[in-house]
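Engineer: Need the 3D shape of this:
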Amino acid sequence: MILVTGATGKVGSQLIEQLTVAGEPVRALVRDPEKAARALPETVELARGDLDDVASIAAALEGVERLFLLAPPTQNLVDLERNVLTAARDAAGGVGHIVKLSAIGADPTAAQFVVREHGRGEAAVRETGVPFTFLRPNFFMQNLLGVAAQIKASGAIHQPGGEQRASHIDTRDIAAVAAAILMDPKKHAGQTYTLTGPQSLTFSEVADTLSRVVGRPVKYVDVPRDMAKAAMIAGGMPPWYAEAISELMDDYRAGKMSMVSDDVERVTGRKPRTLEQFAQDHRAAFA
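Structural biologist: All right, here's what the predicted structure looks like:
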């Protein structure tokens with residue numbers, strides 16, 4: 001049995017779909033089973049629980065051999081992951097492998113929140129003594145769907161990215177890597193994989209790609225950091241999280257997200273999707 005946390009998110013939902021297609025027994029830890037049942041394959045076993053409820057985690061881990069660990073972006077991310085890890089370590093029969101979704105460049109000593117907290121989370125996984133694999137993805141292509149309405153309305157992508165490059169990755173490819181590892185964990189024990197798309201593109205090039213796909217002009221507007229952060233907060237994002245996203249975009253603007261890795265192909269045997277493939281698949285959202 002495989003337990004998936006973050007089961008209804010961008011990566012978790014894709015992972016569950018791919019595992020069920022492969023015939024793997026999957027259990028999803030979800031807050032609202034009725035809502036999750038409408039979004040996930042009917043063959044998935046649903047366990048009601050929350051990462052801050054240790055008893056619910058322990059119950060969900062009964063009979064689980066492999067764990068996909070994905071905590072939500074909260075200020076206590078590491079505490080939530082530790083709750084799961086403690087339960088996994090103490091589970092009857094024992095969890096035999098943990099796949100943690102981390103972040104590109106994860107480093108427990110970093111000043112940047114996301115990179116630091118995922119680095120601390122990786123350290124917590126190592127401390128359990130349970131075999132593990134870390135997945136460190138770059139920016140998700142699916143994040144563009146969050147501004148699709150803006151692109152439709154204004155014909156522009158507004159981001160504080162400057163003219164630096166980043167190797168955006170489709171979450172379906174992240175899920176494919178996770179699925180491959182969970183189905184053959186011994187082969188990947190102790191490994192850390194940096195997951196990127198096949199190209200490193202500027203936001204201007206992203207806009208050009210969308211222009212070709214939707215058949216009308218899309219431009220890129222470089223937004224000052226403070227203006228972008230203020231817009232996120234005005235849209236309801238907590239200030240601490242708006243700052244964390246701004247720090248990620250600082251790294252983007254500094255060219256720290258431009259590396260291209262072949263780890264997706266090494267694990268899955270196929271190249272990751274291009275941005276053009278992603279845009280074609282989601283053309284209706286942007287057109």
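
Engineer: so what secondary structure elements neighbour the strand or helix carrying residue 98?
Structural biologist: Following DSSP states H and E, one finds residue 98 within strand 97-101. Applying 3 or more CB pairs under 8 Å, 6 or more residues apart in numbering; DSSP states H and E, one finds that strand 97-101 makes contact with strand 66-69, helix 77-90, helix 113-128, strand 132-137, helix 171-183, helix 185-188. Just so you know, the C-beta spots here come from the backbone N, C-alpha and C atoms, and that holds for glycine as well.

Engineer: where does the stretch 151-287 of the chain have low pLDDT?
Structural biologist: Under the criterion pLDDT under 70, no range of the stretch 151-287 of the chain is flagged.

Engineer: quick one: the helices in it?
Structural biologist: 171-183, 185-188, 203-214, 225-234, 239-253, 263-268, 275-281, 283-286 (DSSP state H, counting those that start in this stretch).

Engineer: so of the helices and strands packed on strand 97-101, which one's packed in deepest?
Structural biologist: Neighbour counts (mean count of other CB atoms under 10 Å) averaged over each of the helices and strands packed on strand 97-101 peak at strand 66-69, with a mean of 26.

Engineer: Can you tell me the strand partners of it and which way each runs?
Structural biologist: Strand 66-69 sits in its sheet next to strand 2-4 (parallel), strand 97-101 (parallel), going by DSSP bridges.

Engineer: Show me how far it is from its chain's centre.
Structural biologist: Taking CA atoms, centre = their mean, to the nearest Å, one finds the center of strand 66-69 at 14 Å from the center of the full chain.

Engineer: can you check stretch 166-183 too?
Structural biologist: 9 Å.

Engineer: Show the contacting residues for the closest residue to residue 245 other than its chain neighbours.
Structural biologist: Counting by CB to CB, 6 or more residues apart in numbering, residue 232 is the residue found nearest to residue 245 once chain neighbours are left out, at 6.4 Å. By CB atoms under 8 Å, 6 or more residues apart in numbering, the residues touching residue 232 are 241-242, 245-246.

Engineer: Could you single out the nearest of the residues you listed to residue 164?
Structural biologist: Nearest to residue 164, judged by CB to CB, of those is residue 246 at 15.1 Å.

Engineer: Pull the contacting residues for the spatially closest residue to that closest one that is not a sequence neighbour.
Structural biologist: Nearest residue to residue 246, sequence neighbours excluded (CB to CB, 6+ apart): residue 229, at 4.7 Å. Residues counted as contacts of residue 229 (CB under 8 Å, 6+ apart) are 242-243, 245-246.
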